[in-house]
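Trainee: let's see this in three dimensions:
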Amino acid sequence: MENFPDEFCDQLHDLMSWRRDVRHFQADKPVPAPLLSTVLEAIRLAPSVGLSEPWRLISVKSQAARAKTLANFEAANAEALAGYSGDRAQIYAGLKLSGMRDAPVQLAIFCDDGTDKGAGLGAGTMPEARRYSVVSAVMNLWLMARAHGLGVGWVSIIDPAQMATDLDAPEGWALVAYLCIGYPVETSQTPELEKAKWEQRDPLLAEIEER
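Mentor: Got it, this is the predicted structure:
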């Protein structure tokens with residue numbers, strides 16, 4: 001296997017450092033179609049259990065569809081806020097947890113749990129591996145988007161079953177990610193949740209146990 005030069009390795013580290021969960025997008029700056037195609041093509045390079053490629057994408061474009069997805073988020077966000085109290089509730093209420101009003105590109109990414117592709121290899125013992133494969137595809141997309149100056153925001157405060165219904169997803173598709181994509185208002189190496197003092201990163205070595 002070919003070794004990459006140190007310069008490339010440093011740039012790859014920088015790319016991962018600058019990959020942030022973006023919530024603030026330039027609403028008036030559309031993503032060119034060729035660039036979006038380049039970003040989406042990165043999904044095909046992702047690993048998948050049994051080479052099943054279980055990812056399925058729905059582009060959420062119409063005003064009607066976006067209204068439904070936004071209403072989904074707002075309901076789930078209000079419910080989540082009600083679960084906090086004190087300082088946590090105050091911080092949560094001030095967080096911007098979705099770029100759905102501004103992002104020019106919005107994708108709902110599903111896992112086809114019933115796909116025949118791959119003949120069940122690996123998924124027979126760990127069926128959740130199909131969804132892990134979709135997450136790998138999302139990360140490929142995310143890094144490629146960042147490399148081209150785009151930001152990506154993963155909206156997880158939603159009701160996935162309602163989302164599947166609202167978007168008329170085929171039976172057997174399970175929502176894994178709702179992504180907002182566009183040009184960020186600003187870039188930063190520091191996560192927004194860290195800036196807001198919601199949480200902070202731990203050293204990796206603190207998370208490794210030996211047996």
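Trainee: hmm, residue 175 is touching residue 159, no?
Mentor: No - Residue 175 lies out of contact with residue 159 (CB atoms under 8 Å); the separation is 9.1 Å. To be clear about C-beta, it is placed using only N, CA and C from the backbone, and glycine gets the same treatment.
Trainee: helices along this protein, start to end?
Mentor: 6-18, 33-41, 63-82, 86-94, 129-147, 160-166, 192-195 (DSSP state H).
Trainee: same question for the shortest one: list its buried residues.
Mentor: Going back to what we said before, that points to helix 192-195. residue 192 (16 or more other CB atoms under 10 Å).
Trainee: same deal with stretch 80-93?
Mentor: Buried residues in stretch 80-93 (16+ other CB under 10 Å): 81, 92.
Trainee: what about that stretch, start to end distance?
Mentor: Distance between the boundary residues of stretch 80-93 (CA to CA, to the nearest Å) amounts to 10 Å.
Trainee: rewinding a little: tell me which of residue 175 and residue 159 has more neighbours.
Mentor: More crowded of residue 175 and residue 159, by other CB atoms under 10 Å: residue 175, with 23 against 15.
Trainee: if I pick the more buried one, what's in contact with it?
Mentor: By CB atoms under 8 Å, 6 or more residues apart in numbering, the contact list for residue 175 reads 108, 109, 110, 158, 160, 161, 163, 164, 169.
Trainee: may I have the beta-bridge partners of it?
Mentor: Per DSSP bridges, the residues bridged to residue 175 are residue 110.
Trainee: gap between it and residue 69?
Mentor: Shown here: residue 175 relative to residue 69, a distance of 11 Å by CB to CB, to the nearest Å.
Trainee: do the same with residue 146
Mentor: 23 Å.
Trainee: ok, now residue 178?
Mentor: Distance from residue 178 to residue 69, by CB to CB: 7 Å.
Trainee: got any residues that touch both of these two?
Mentor: With contacts taken as CB under 8 Å, 6+ apart, the residues that reach both residue 178 and residue 69 are 106, 108, 158, 163.
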